[in-house]
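1. Structure of the sequence below:
(2 chains)
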Amino acid sequence: AQTVTQSQPEMSVQEAETVTLSCTYDTSENNYYLFWYKQPPSRQMILVIRQEAYKQQNATENRFSVNFQKAAKSFSLKISDSQLGDTAMYFCAPDNAGNMLTFGGGTRLMVKP
Amino acid sequence: DTGVSQNPRHKITKRGQNVTFRCDPISEHNRLYWYRQTLGQGPEFLTYFQNEAQLEKSRLLSDRFSAERPKGSFSTLEIQRTEQGDSAMYLCASSHYTGGYTEAFFGQGTRLTVV
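-> Presented below is the predicted three-dimensional model:
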């Protein structure tokens, strides 16, 4: 079984600044994937970025990047140049071979103008 | 094809009644997942299908819950004898699984309120 901890229930950041959301997880799997999902208010969950556990290089997707520390089982999300549209709940989720996602409790991010 | 569709979007029911939700996945997606999300929490896995076969069920899926995916297309989730604790957002997701990584696409969910 996997457990996921997001220790920051709420965060805020000024527009154009950088913010980092933390996530730690516990898994007995050796090969797995890690995802960050964004859930805007009253809208569906969308994928922000993914990381394959066997890859050492941290994933980057435009303004979004991750810091993946496999030994520490840590998977943080960095959002650069924050925009108002980044305001949402963010969920960290490991996935073992596409069977199911295990979500953390989420971090509510507010981007302030 | 505009994505994963869930109906109804909202459902209010009296305790003890049965409810059924429907999920239409993205065309040709062979996997379909159901999750439950309570207010302020992350989604919790309930069950998933590959084509018409139900491959895994969470212990959260009590015997009052049943899910089907006839013909491997749309899926239904039925809750019998609803309880107040069943109040939650029920999310459906689908993916095209070919082994390894697969991106799941989520619907907007069905919000159930049991009164």
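2. so who does residue 16 touch?
-> Assuming you mean chain A. The contact partners of A:A16, by Cβ atoms under 8 Å, 6 or more residues apart in numbering or on different chains, come to A:D81, A:S82. All C-beta atoms are positioned from the backbone trio N, CA, C, and that covers glycine.
3. You answered for a different chain; I wanted chain B.
-> Counting by Cβ under 8 Å, 6+ apart, B:G16 makes contact with B:R81, B:T82.
4. for A:L77, same thing?
-> By Cβ under 8 Å, 6+ apart, the contact set of A:L77 is A:T20, A:L21, A:C23, A:W36, A:V48, A:I49, A:F64, A:S65, A:V66, A:Y90, A:C92.
5. Could you list the low-pLDDT ranges of the chain?
-> No chain in the question, so chain A it is. For chain A, applying pLDDT under 70 flags the ranges A:1, A:96-98.
6. could you do chain B instead?
-> Applying pLDDT under 70 to chain B flags the ranges B:1.
7. Buried ones in stretch A:4-14, by neighbour count?
-> Neighbour-count burial for stretch A:4-14 flags A:V4, A:Q6, A:Q8, A:M11, A:V13 (criterion: 16 or more other Cβ atoms under 10 Å in any protein chain shown).
8. one step back: from the contacts of A:L77, pick the one nearest chain B.
-> Taking Cβ to the nearest Cβ as the measure, chain B lies nearest A:C92 of those, at 8.6 Å.
9. Dig out what that closest one forms beta bridges with.
-> A:C92 has these beta-bridge partners by DSSP bridges: A:W36.
10. Strands of chain B, start to end?
-> Secondary structure of chain B (DSSP state E): strands at B:5-7, B:10-13, B:19-24, B:31-37, B:44-50, B:53-57, B:65-68, B:75-79, B:88-95, B:105-106, B:110-114.
11. Ramachandran angles for the residue in chain B that chain A sits nearest to?
-> Proximity of chain B to chain A (Cβ to the nearest Cβ) peaks at B:G42, 3.3 Å away. The phi and psi values for B:G42, taken as degrees, to the nearest 10, are phi -80, psi 160.
12. With distance to B:T38 added, can I get the contacts of A:L77 in a markdown table?
-> A markdown table is the format used below for those (distance: Cβ to Cβ, whole Å):
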| residue | distance to B:T38 |
| --- | --- |
| A:T20 | 27 |
| A:L21 | 21 |
| A:C23 | 20 |
| A:W36 | 21 |
| A:V48 | 22 |
| A:I49 | 25 |
| A:F64 | 27 |
| A:S65 | 31 |
| A:V66 | 27 |
| A:Y90 | 17 |
| A:C92 | 18 |
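13. Out of those residues, who's the most crowded?
-> When neighbours are taken as other Cβ atoms under 10 Å in any protein chain shown, the top entry among the contacts of A:L77 is A:C92 (28 neighbours).
14. How about the contacts made by it?
-> Counting by Cβ under 8 Å, 6+ apart, A:C92 touches A:V4, A:Q6, A:L21, A:C23, A:Y25, A:L34, A:F35, A:W36, A:F75, A:L77, A:F103, A:G104.
15. again, but for A:D81
-> Contacts of A:D81 (Cβ under 8 Å, 6+ apart): A:A16, A:E17, A:T18, A:R63.
16. correct me, but the second one touches A:S82?
-> Yes: using Cβ atoms under 8 Å, A:E17 and A:S82 qualify as a contacting pair, with a distance of 5.6 Å.
17. Tell me the residues of chain A that contact chain B?
-> Residues of chain A found near chain B (Cβ under 8 Å from any Cβ of the partner chain) are A:4, A:33, A:37, A:43-47, A:50, A:52, A:91, A:93, A:97-106.
18. Understood, closing this out.
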